[in-house]
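[1] got a predicted structure here, sequence first:
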Amino acid sequence: MPKSILKIALDLPLDRLFDYLSNGEVTQVGQRVLVPFGHRKQIGIVIGKTDASDVAVEKLKTVIQVFADELPIDAETLNLLKFSADYYQYPFGQALLSALPVRLRQISPAVSCKQYAYNLTALGQLADLEQLPTRQLVMRRILLALQTHGRLTELDLDAISSSARKVAKQLVADGWLVSQQVPTIIKTLEAMIPVAPELNEEQTLAINRITQEAQTYKAWLLHGITGSGKTEVYMRLMQYVLQNQDAQILVLVPEINLTPQLEARFRSRLANFPLVSLHSNLSESERLHNWQLAQSGAAQIIIGTRLSIFTPLPKLKLIIIDEEHDSSYKQQDSMRYHARDVALVRAKRLNIPVVLGSATPSLESWHNAVANHKQANKYNLLSLNQRAVSAAKLPHIECIDTTKVNLQYGLTPQLIAALKLRLARKEQSLLFINRRGYSPVLLCSACHWIAPCTRCSSRLVVHLGQKKLRCHHCGHEQKIPQQCPSCGNADLHPTGYGTQRLEQTLAQLLPAARIARVDRDSTSRKNALVEILDQVHKQEIDILVGTQMLAKGHDFPNLTLVGVIDTDSALHSPDFRASERLFAQLMQVSGRAGRADKAGQVIIQTQFPEHALFNALRGQDYVSYADALLLEREQVQFPPYVFTALLRAEANNFELVQKFLRYAFEQARSFSSDVLVYDPVRPQMERLKGMERGHVLMQASSRVALQRALKNLVGLLRVHAIAAKVRWAVDVNPLEF
């Protein structure tokens, strides 16, 4: 009897499946297998079976190993990844394998980390602690804790003693305890609100409308001002879905730093439903373990960043996307998917609701939700216009004209006075500056030389504590020079402010203040951010200095002042989305102030206090500003009124990039008059990580026409000789040009 032929997806830049002979083991579609490929072995995923092949059977190689003890990837997940690979013009095999935890891409059985919980056996319950030898102190503590609390996890044991795990295992061997494997628990913030608060009318209306149609696909845009209780709406919806059916819920968050606080709140309020998180801050074994709990259906609540949208979830009944406007949902390399858009596709295929929450929805989502636009009611709009805490009012926003006051260490007198007032009242403040490091520029006072990055079209940032100049694009580092390389002048001085310099300045101005800095440098250690946020909640920090990591999602009841140090550069950006991003960012960071019963104040330092953006911000008027931006976009035919794609290319030699893009440009223009193809140009960052860059922009009024042109173009590019000499990629619906 001839062996069956398996169609297998491999992690290769080729948009095709590969035929292999079965090794006789029972193999299911979605199963992980090990196969020979050339002179090496590769992990693949079985996509189908067939009786015939384009290759002669005697030339086909045989599968080496089937990982039969692992659950296969289900058809729904495979189909979603196939759709995404096709839409974003990316090889299916690479898309599929990159969506798996790293441990599942390795040539070995997938072993995840295991954690155990311990309970007393009948023998252990009869134990008389007074009869234990006094030297068995750890054993006595373990048994006493179990008699008091009923169950101990390994984290609980660690809190008792560093040797408690070893003692617990011995007690299991002696028959006093029984162990049970449980989901891995990652450190989270202490829950601040264990009791469900009373809902206001707007929250109740939003929950009722969604739950009434919880059995069908609908996209709900939950537009709520900062502090309006969107998270409470999420939790009530989750409770409704989980209590009424055997279900799973996927909650997407844009960044890792939002996960601990949400996880803590969900664990406290939805303690009966197993919860796991999926993000890059987990170890590989933790991620695999949580992914497998989700895949098996054992985990009912899954909180994750963008890649989590591809997690197999057999009982998925609701998707929630928090801060749906956030650009972190867009993957900027490999398959350039947008997790929000993929989530909408997944929800529609499963016929389940999806909730998109934001205080400042993306213009694409606003366009889809508001009836006076052409996409009328593609989304269902729900609005929360009042703060959830009845005593909490929106903060007073004040713009200080920095051209009319004397700055002291980069701070206006008004902001310094406000900081001192908060210290006197024992209230907390947040200073927002979206620039890490000490100073963005090292400047020569004589010839005005500025330290450049040799690998990028950018400047090196001063990190004074490490006595280094560092590129925030490619990671290049070098020592701070003693004199100017251009003219020999020894007077080199840092110009401008970053988080490190601001932290140092505040320490000099306000020596009694307890200051913490939150940026990528200060939170690189695992759990560092969680520990800082814990200190904030415990009133152990007076002033937070941070980047956009602090701008959204966090709830600090005692924080009453937000200072915004420098935003003007975004007003001059050539990126047409810059003002939208800046408005969202400032609305989000302003919303950190006055969330409880204490009045909040926001002070923004700017040279353009009468700019339309700041006028809208002072009125907390997202709706008018969004409508004005949409009108501009429609007039100049920018997204969301057109569909765009960017063909990006880079190489060590720019001539290769030019030749490649010129060929792509000519081919794309020949396909269809429905697609507008712009001449090849260089991006603002012409060189990045030593690679010369260029791109071609394609634009169409029809998504179908653009997809058809891209499919034809990508097919030609994949077989063109010069394509092998450049690194290129297609970015569908790009966020950055």
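    Happy to help now that I have it.

[2] how about stretch 413-430 as CSV, C-alpha atoms only?
    C-alpha atoms of stretch 413-430 as CSV (Å, rounded to 0.1, in the frame of the first residue of the first chain):
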residue,chain,number,x,y,z
PRO,A,413,7.8,78.7,36.3
GLN,A,414,4.1,77.6,36.3
LEU,A,415,5.0,73.9,36.0
ILE,A,416,7.7,74.2,38.8
ALA,A,417,5.1,75.9,41.1
ALA,A,418,2.5,73.3,40.3
LEU,A,419,5.0,70.5,41.2
LYS,A,420,5.9,72.2,44.5
LEU,A,421,2.2,72.5,45.3
ARG,A,422,1.6,68.8,44.7
LEU,A,423,4.5,67.9,46.9
ALA,A,424,3.1,70.1,49.7
ARG,A,425,-0.3,68.4,49.3
LYS,A,426,1.3,64.9,49.2
GLU,A,427,-0.2,64.3,45.8
GLN,A,428,1.6,62.8,42.8
SER,A,429,2.8,64.3,39.5
LEU,A,430,3.7,62.9,36.1
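
[3] chain center to it: distance?
    32 Å (Cα atoms, centre = their mean, to the nearest Å).

[4] average pLDDT for that stretch, rounded please.
    Mean pLDDT, computed over stretch 413-430, is 94.

[5] list the buried residues in it.
    Neighbour-count burial for stretch 413-430 flags 415-416, 418-419, 422-423, 427-430 (criterion: 16 or more other Cβ atoms under 10 Å). Where C-beta positions appear, they are placed from N, C-alpha and C, glycine not excepted.

[6] need the residues you listed in JSON lines with distance to Glu580 and secondary structure, can you?
    Formatted as JSON lines, these follow (distance: Cβ to Cβ, whole Å; DSSP: H, G, I helix; E, B strand; the rest coil):
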{"residue": "Leu415", "distance to Glu580": "26", "secondary structure": "helix"}
{"residue": "Ile416", "distance to Glu580": "31", "secondary structure": "helix"}
{"residue": "Ala418", "distance to Glu580": "28", "secondary structure": "helix"}
{"residue": "Leu419", "distance to Glu580": "30", "secondary structure": "helix"}
{"residue": "Arg422", "distance to Glu580": "31", "secondary structure": "helix"}
{"residue": "Leu423", "distance to Glu580": "35", "secondary structure": "helix"}
{"residue": "Glu427", "distance to Glu580": "32", "secondary structure": "coil"}
{"residue": "Gln428", "distance to Glu580": "29", "secondary structure": "strand"}
{"residue": "Ser429", "distance to Glu580": "27", "secondary structure": "strand"}
{"residue": "Leu430", "distance to Glu580": "23", "secondary structure": "strand"}
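
[7] ok, these vs Ala68, which is closest?
    Proximity of those to Ala68 was ranked by Cβ to Cβ; the top entry is Leu430 with 53.2 Å.

[8] what about the closest one, distance to Asn290?
    32 Å (Cβ to Cβ, to the nearest Å).

[9] continuing past the helix or strand encompassing Tyr20, what's the next helix or strand?
    According to DSSP states H and E, Tyr20 maps onto strand 18-21. Scanning forward in sequence from strand 18-21 by DSSP H and E, the next helix or strand is strand 32-37.

[10] circling back to that earlier point, centre of the chain versus the strand holding Tyr20, how much separation?
    Remark: strand 18-21 is offset 37 Å from the chain centroid, using Cα atoms, centre = their mean.

[11] give me the contacts around that strand.
    Residues outside strand 18-21 that contact it (Cβ atoms under 8 Å, 6 or more residues apart in numbering) are 3-10, 33, 35, 37, 44, 50, 53-55, 57, 60-63.

[12] mark which of those residues are buried, thanks.
    Among these, the ones that count as buried by 16+ other Cβ under 10 Å are 5-10, 33, 35, 37, 44, 53, 63.

[13] ok, those residues vs Tyr678, which is closest?
    Checking the buried ones among the contacts of strand 18-21 one by one against Tyr678 (Cβ to Cβ), the nearest turns out to be Ala9, at 34.3 Å.

[14] distance of the residue lying closest to Ile301 once chain neighbours are set aside from Glu263?
    With sequence-adjacent residues excluded and distances taken as Cβ to Cβ, 6 or more residues apart in numbering, Ile301 is closest to Leu275, at 4.1 Å. Going from Leu275 to Glu263 by Cβ to Cβ gives 7 Å.

[15] quick one: which of the contacts of strand 18-21 sit in strands?
    Those of the contacts of strand 18-21 mapping onto strands are 5-10, 33, 35, 37, 44, 50, per DSSP state E.

[16] let me see the contact set for Ala723.
    Shown in contact with Ala723 (Cβ under 8 Å, 6+ apart): 660, 717.

[17] that one in helix, strand or coil?
    Recorded secondary structure, Ala723: helix (DSSP: H, G, I helix; E, B strand; the rest coil).

[18] okay, it and Leu656: tell me how far apart.
    Distance of Ala723 to Leu656, computed by Cβ to Cβ: 10 Å.

[19] count of neighbours near the closest residue to Arg648 other than its chain neighbours?
    Spatially, and ignoring its direct neighbours in sequence, Arg648 is nearest to His695 (4.8 Å; Cβ to Cβ, 6+ apart). Neighbourhood size, His695 [other Cβ atoms under 10 Å]: 22.

[20] ok so, going back, tell me the spacing between the residue nearest to Ile301 and Ala298.
    Plainly put, Leu275 is 11 Å away from Ala298 if you go by Cβ to Cβ.

[21] between the two, which one's more packed in?
    Under the criterion of other Cβ under 10 Å, the comparison of Leu275 against Ala298 puts Leu275 first, with 22 against 12.

[22] quick check: the more buried one touching Arg267?
    Yes. Using Cβ atoms under 8 Å, Leu275 makes contact with Arg267 at a distance of 5.9 Å.

[23] what are the phi and psi angles of Val55?
    Backbone geometry at Val55, expressed as degrees, to the nearest 10, gives phi -100, psi 140.

[24] please name the residues that touch it.
    Here Val55 is in contact with Asp19 (criterion: Cβ under 8 Å, 6+ apart).

[25] ok, now how distant is it from Leu17?
    12 Å.

[26] excluding its backbone neighbours, what's nearest Glu255?
    Per Cβ to Cβ, 6+ apart, closest to Glu255 is Ser328, 5.3 Å.

[27] and the one you found, which of the three is it?
    helix.

[28] picking that back up, look up how far Ala299 lies from the residue nearest to Ile301.
    Leu275 sits 7 Å away from Ala299, going by Cβ to Cβ.
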